[in-house]
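Participant: Below are the sequence and a predicted model; questions follow.
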Amino acid sequence: MLPFLRLLLPLAVLACGASPPPPEEPVEIAPTRLRGQALFTGEARPSATEIGRIDPTCAALQEAASETIEDGLERVFVYLADPPPSAVPGPPPREALTITAKRCQYEPAVVGLRVGQRVVLENGDPTLHQPVTAQPDGNELRLEQPFEGMRSELRFDRPRLMAEVSCASHPWMKAHLGVLDHPWFAVTDAAGGFEIPAPPTGDHTLIAWHPELGERRAAVTVTAGLATEVVLDFAAAP
């Protein structure tokens, strides 16, 4: 029995010793963000995009209307032009992006997505829609959606800026797709605001695109743990 007790004694001493120090509190690191606003500071003017009334069903769904270009610009596609390939994270999202023909307009009208991500075109109206998009080889892909609720799927295998989806039945209907091989893009909200989360640090060229006002560029420097702010004024010369 005595040798057995001698073996247990050191273990008993260790068990009665000082408790280990508490774990250190995790250090919170501020997220790296790139955010800003797209503006039009010039004199307000009507948009060239008007809703036609050639289809009686469309006329019943909504009044003919036109937008006004002023102040904060909605539906501006903003993206990093030159992120390092080594920083691009993972595959594209598995969930599809849906564009719906609703009240004879495409909603949303400007979207961003990754190469390889699925795009679903949905007819949300009780009338014929014919989505058309140009292919890289110069041909057109035309889809027939004569009934409400019909869905068709697209997939882009290479970057496209800005791929247009129109409707052969209603020429005013247009959606524009920014297809990129990285996730650092955004579409501005109703006030022209946008945010690109977790962009790679360093110097970049930021590009903003509006369907009527064209393209604007800005040089930005992204710093780890900080929010970089930028204003893009489409009233200024490109």
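Facilitator: Received it, and whenever you're ready, just let me know what you need. Quick caveat: nothing in here was measured; it's all calculated off a predicted structure.
Participant: ok, now which ones touch residue 134?
Facilitator: Residues in contact with residue 134 (C-beta atoms under 8 Å, 6 or more residues apart in numbering) are 140-141, 163-164. The C-beta positions use only the backbone N, C-alpha and C, and glycine is treated the same way.
Participant: which among those gets closest to residue 85?
Facilitator: For those, the minimum distance to residue 85 (C-beta to C-beta) is 21.8 Å, reached by residue 163.
Participant: dump the residue contacts of the closest one.
Facilitator: By C-beta under 8 Å, 6+ apart, the residues touching residue 163 are 133-134, 156, 176-179.
Participant: hmm, which of the contacts of residue 134 are the buried ones?
Facilitator: Among the contacts of residue 134, those scoring as buried are residue 163 (criterion: 16 or more other C-beta atoms under 10 Å).
Participant: Identify the farthest-apart pair in the contacts of residue 163.
Facilitator: Taking C-beta to C-beta as the measure, these reach their widest spread between 134 and 178, a distance of 15.0 Å.
Participant: hmm, back to that, list buried residues within the contacts of residue 163.
Facilitator: Taking 16+ other C-beta under 10 Å as the criterion, what is buried in the contacts of residue 163 is 133, 156, 176-179.
Participant: related to what we said a few turns ago, same list (the contacts of residue 134) but as TSV, adding distance to residue 206, pLDDT and secondary structure.
Facilitator: Listed next are the contacts of residue 134 as TSV, based on distance: C-beta to C-beta, whole Å; pLDDT from 0 to 100; DSSP: H, G, I helix; E, B strand; the rest coil:
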residue	distance to residue 206	pLDDT	secondary structure
140	32	83	strand
141	31	88	strand
163	20	93	strand
164	22	94	strand
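Participant: ok, so of the contacts of residue 134, who is nearest residue 183?
Facilitator: Closest approach between the contacts of residue 134 and residue 183, by C-beta to C-beta: residue 163, at 17.4 Å.
Participant: how close does that closest one sit to residue 200?
Facilitator: Distance from residue 163 to residue 200, counting by C-beta to C-beta, to the nearest Å: 25 Å.
Participant: go on, residue 107?
Facilitator: Taking C-beta to C-beta as the criterion, residue 107 is separated from residue 200 by 31 Å.
Participant: swap in residue 87?
Facilitator: Counting by C-beta to C-beta, the gap between residue 87 and residue 200 amounts to 4 Å.
Participant: In terms of neighbours, single out the busier of those two.
Facilitator: When residue 87 and residue 200 are compared for neighbours, residue 200 comes out ahead with 19 against 14, by other C-beta atoms under 10 Å.
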